[in-house]
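Colleague: would you be able to build a 3D model of this:
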Amino acid sequence: MKACVIVPVYNHEQAIPEVVARLKEQGLFCLLVNDGSSEACSKALGAIAEREAGWLALINRPENGGKGAAMVDGFNEAIRRGFTHALQIDADGQHDIDAIPEFLAAGRRQPDAMILGRPVFDDSAPKSRLYGRQFTNLWIAINTLSLAIADGMCGFRLYPLAAVQRLLETARIGRRMDFDIDIAVRLYWQGTDAVNVSTRVRYPYDGVSHFKLWRDNAMISMIHARLFLGMLMRFPHLLIRRWR
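Modeller: Below you'll find the model as predicted:
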């Protein structure tokens, strides 16, 4: 297994230096994807890329396209560089970077599976967000006819890039906050198994969240609806898979 880290970044100039410093300790090549950030954030990312050129590369997107768009660019670059797996982690510091070896170990045991973070939140997590996750995970269970995906919104996960490449060739994945849900469900439909790893999640180092309550909840509701229609077309196949 040859793994790298992909970090989509949008205006997290306060948190990203600490995230990068902790990632460096893990010994993995890192792709930072600047998703049309502000001048201040872009300047900070450029300085990091210059300083850490031996193990890190920067991809600059000309304008903000959303987390999914940034991740797709990261996937394509990781595939071009010959990596077999890509670890996705957020730029705001909410994920437990010390848990990376556990994700990699799970990936080595099941190299064709997606390794998904199952978040364990502390008291800082808003109750409204937790209830929203429960709603989303219920719909994911419906749309996969399974409980295989314990949490479809956690952005800490390890992808097998061969499966991702096949998916990108046949489907357009959600480009914004719908990305994490969309790609996990579609990879499952494609035949990729899910392994769930419990991991601590806290709210961001810099207190910056790009989740827009009304816009993003509407977008997530729309992706559930689209996936439900897709599930209906795949119902027999998913039912057979469940029985097996």
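
Colleague: every contact and neighbour count from this point should use C-alpha atoms.
Modeller: Noted.

Colleague: quick one: contacts for the residue nearest the centre of the chain?
Modeller: For the chain, Gly155 is the residue whose C-alpha lies nearest the centre (C-alpha atoms, centre = their mean; 3.7 Å). The neighbourhood of Gly155, defined by C-alpha atoms under 8 Å, 6 or more residues apart in numbering, consists of 88-90, 117, 180.

Colleague: do that again at 7 Å, thanks
Modeller: If a contact means C-alpha atoms under 7 Å, 6 or more residues apart in numbering, then Gly155 has 88-90, 180 as its contacts.

Colleague: assumed it was part of a strand.
Modeller: No. Counting by DSSP: H, G, I helix; E, B strand; the rest coil, Gly155 is located in no strand; its state is coil.

Colleague: can you pull the phi/psi pair for it?
Modeller: For Gly155, the backbone dihedrals are phi -90, psi 20 (criterion: degrees, to the nearest 10).

Colleague: offset the numbering so it begins at 57, please.
Modeller: I'll keep to 57 as the first residue from here, and by that count the last item is Gly211.

Colleague: distance of it from Ile145?
Modeller: Distance, Gly211 to Ile145, using C-alpha to C-alpha, to the nearest Å: 6 Å.

Colleague: just Val89 next, same as before
Modeller: Applying C-alpha to C-alpha to Val89 and Ile145 gives a distance of 11 Å.

Colleague: what do you get for Met127?
Modeller: 10 Å.

Colleague: now do Arg228
Modeller: Distance from Arg228 to Ile145, by C-alpha to C-alpha: 21 Å.

Colleague: what of Arg290?
Modeller: 30 Å.

Colleague: between those two, tell me which one has more neighbours.
Modeller: Ile145 (24 against 14; other C-alpha atoms under 10 Å).

Colleague: OK, contacts around that one?
Modeller: 62-63, 151, 211-212.

Colleague: cool, and Ile115?
Modeller: Contacts of Ile115 (C-alpha under 7 Å, 6+ apart): 88-90.

Colleague: among the residues you listed, which one lies nearest to Gln190?
Modeller: Val89 (29.4 Å; C-alpha to C-alpha).

Colleague: now the strand or helix carrying that closest one: mean pLDDT?
Modeller: Following DSSP states H and E, one finds Val89 within strand 85-91. Averaging pLDDT along strand 85-91 yields 97.

Colleague: circling back to that earlier point, buried subset of the contacts of Ile115, written for PyMOL?
Modeller: Restricted to buried positions by 16 or more other C-alpha atoms under 10 Å, the PyMOL selection for the contacts of Ile115 reads:
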select buried, resi 88+89+90
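
Colleague: adding distance to Tyr244, write the contacts of Ile115 out as JSON lines.
Modeller: As requested, those are exported to JSON lines (distance: C-alpha to C-alpha, whole Å):
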{"residue": "Leu88", "distance to Tyr244": "26"}
{"residue": "Val89", "distance to Tyr244": "25"}
{"residue": "Asn90", "distance to Tyr244": "28"}
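
Colleague: what's the closest of the contacts of Ile115 to Ala113?
Modeller: Closest to Ala113, out of all of the contacts of Ile115 and judged by C-alpha to C-alpha, is Leu88, at 6.3 Å.

Colleague: check contacts around that closest one.
Modeller: Per C-alpha under 7 Å, 6+ apart, neighbours of Leu88: 62-65, 113-115.
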